[in-house]
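Novice: no sequence for this one, just the structure:
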DNA sequence: CTCAAACTCA
């Protein structure tokens, strides 16, 4: 056996007190690995030179850069003097290695030792609180910044904006942002504020703020951070027309190619807005897609029921040497689930560990249980649900989907069991109870169904009202079940059109009613409707009627809904698409339906 | 030539 070639050892630098710092910096500069930092450290000790505060700080920073926090800590506590840079370096090291709790302790110890924080200390501290999502601690840092007179500093303010946002205190973020003088706000500050809105599901506020920046004339040019936040804001509030405008801005500003982050945001935006084709076009322009672009397009394909496509994309990425992660596989499983490929989906669950080295998470089990449940394989679903170690919010989701499956497949025996598990959760009682009463109603036990319903009313439990919306020329119109007034002056026309359509549908054998109130229908739908006893026309039908009036012929009508579509409405949309010869896309709670010539892309499985 | 802020996938 031959020894591998050893690099020629470099001559050990000779240390002297006068040249110490330049030599040290030279050695530490490129050193991001612990071994070389430790070697330099050892040489220093061996040379026996007296370390200065600055040299120790350099060494400390080097240990922090390679994440060797215990070494950094030992060095720090062995130092004779510590200045604000020493303290801040240690804090920043802890924050960067994902230990914000320790960073905050360092801040406390620093205060105790009487060293005054500077702007760098305070921005680091704010960022530690951001990671902790702790607005209480963050507010203390904010107060210290005020006392130190640096709360208006650009970087400190920006870190505070981010911190409040991560803790969910959006108004405080905005207050800090507004407190900054206009010239102090740079591109990062704007980006941080936009991201706060985008991350807190306040897409419209993000869009509004971006518009303010664009119309103000002053202020920084939009960069890729701002643009990706605004695109994802458009996605979260499903504003296709504005999303397209921002896409235009992205292209004009030269971020169209070679910016994968924006491209991924666009893929996601188009898929959430009902335009899978556009998602695909944006994806196809990404060179050498990594796991994240692949995941986003697989998730998009899954939402539209394009299971073959999702599987092909998975194969393609593996062939190209791109490793799928847990989210990718969840996306693939969702695709199987939405198309009823239950056994393929289960294979992924059982082989992901051995084939891809990824351990199944609660979300994978939840998806599999949901998949089995909707296919009517309820015993298997229950078995898997009990076997999976799922807790908290995921467990609620899991048992809720089982409950819903029991109702669909009229398995009252199991429904009671699942209903019990759901009721163990304090939150979202309403959803579970609605499902429970629906299960009774499906099994023909209207008395029990009504009992659950009336107990809900007595206890004052309200559920989310079902609503649907449609965007026309930039403006979203929101419809609630039985309430046509959103159509404004055209409300009567909508009702007339629906009557006419109902007549034509009857000629094709439709037996139901579109418009008039139906008693106890609320027990059979997915929770649409207000009072529980009198339910009028469902919200998506109203949105469709309005869309047929105002969206130019030839254009796809896109309706968004906050709950799952019911079977009745699904049939209705299919029939109407054939009658009026137009295409509709409906975004459900968890997927898209593309109606065309009397049928739906989901093949009636969802 | 040591310490600081913003982004994408279910």
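Specialist: Great, that's in hand. What you see is a predicted model; the values in this text were computed from it and never measured.
Novice: Which residue is the nearest non-sequential neighbour of residue A:242?
Specialist: residue A:234 (5.3 Å; Cβ to Cβ, 6 or more residues apart in numbering). Placement of C-beta: from N, CA and C, glycine included.
Novice: So that neighbour lies in a helix, does it not?
Specialist: Yes - checked against DSSP: H, G, I helix; E, B strand; the rest coil, residue A:234 lies within a helix.
Novice: Next, work out how far apart it and DNA strand B are.
Specialist: 11 Å (Cβ to the nearest atom of the strand, to the nearest Å).
Novice: who touches that residue in this structure?
Specialist: A:203, A:207, A:240, A:242, A:243, A:246, A:269, A:273 (Cβ atoms under 8 Å, 6 or more residues apart in numbering).
Novice: Mind doing that once more with 6 Å?
Specialist: A:242, A:243, A:269 (Cβ atoms under 6 Å, 6 or more residues apart in numbering).
Novice: neighbours around residue A:353, how many?
Specialist: 11 (other Cβ atoms under 10 Å).
Novice: Of all the residues in the helix or strand hosting it, which ones are buried?
Specialist: Assigned by DSSP states H and E, residue A:353 falls within helix A:342-356. Of all the residues in helix A:342-356, those buried under the rule 16 or more other Cβ atoms under 10 Å are A:342, A:344, A:345, A:346, A:348, A:349, A:352, A:356.
Novice: What's the separation between residue A:274 and DNA strand B?
Specialist: 14 Å.
Novice: And the closest residue in space to that residue that isn't next to it in sequence, what's its pLDDT?
Specialist: Distances taken as Cβ to Cβ, 6+ apart put residue A:585 closest to residue A:274, at 4.0 Å, once the chain neighbours are dropped. In this prediction, residue A:585 carries a pLDDT score of 90.
Novice: what about residue A:585, distance to residue A:173?
Specialist: 35 Å (Cβ to Cβ, to the nearest Å).
Novice: Give me the more crowded residue out of those two.
Specialist: More crowded of residue A:585 and residue A:173, by other Cβ under 10 Å: residue A:173, with 25 against 21.
Novice: Spatially nearest residue to that one (excluding sequence neighbours)?
Specialist: Residue A:173's closest residue in space is residue A:164 (Cβ to Cβ, 6+ apart), at 4.1 Å.
Novice: Residue A:482 and DNA strand B: what is the separation?
Specialist: Taken as Cβ to the nearest atom of the strand, the span from residue A:482 to DNA strand B is 31 Å.
Novice: I misspoke; the intended subject was residue A:394.
Specialist: 9 Å.
Novice: count of residues packed around that residue?
Specialist: Counted with other Cβ under 10 Å, residue A:394 comes out at 15.
Novice: which residues does it contact?
Specialist: Residue A:394 sits in contact with A:362, A:366, where contact means Cβ under 6 Å, 6+ apart.
Novice: Give me the phi and psi for it.
Specialist: The phi/psi pair for residue A:394 (degrees, to the nearest 10) reads phi -60, psi -40.
Novice: now do residue A:218
Specialist: Per degrees, to the nearest 10, the backbone of residue A:218 is at phi -90, psi -170.
Novice: For it, which non-adjacent residue is spatially closest?
Specialist: residue A:182 (6.9 Å).
Novice: Need the pLDDT of residue A:239.
Specialist: In this model, residue A:239 carries a pLDDT of 89.
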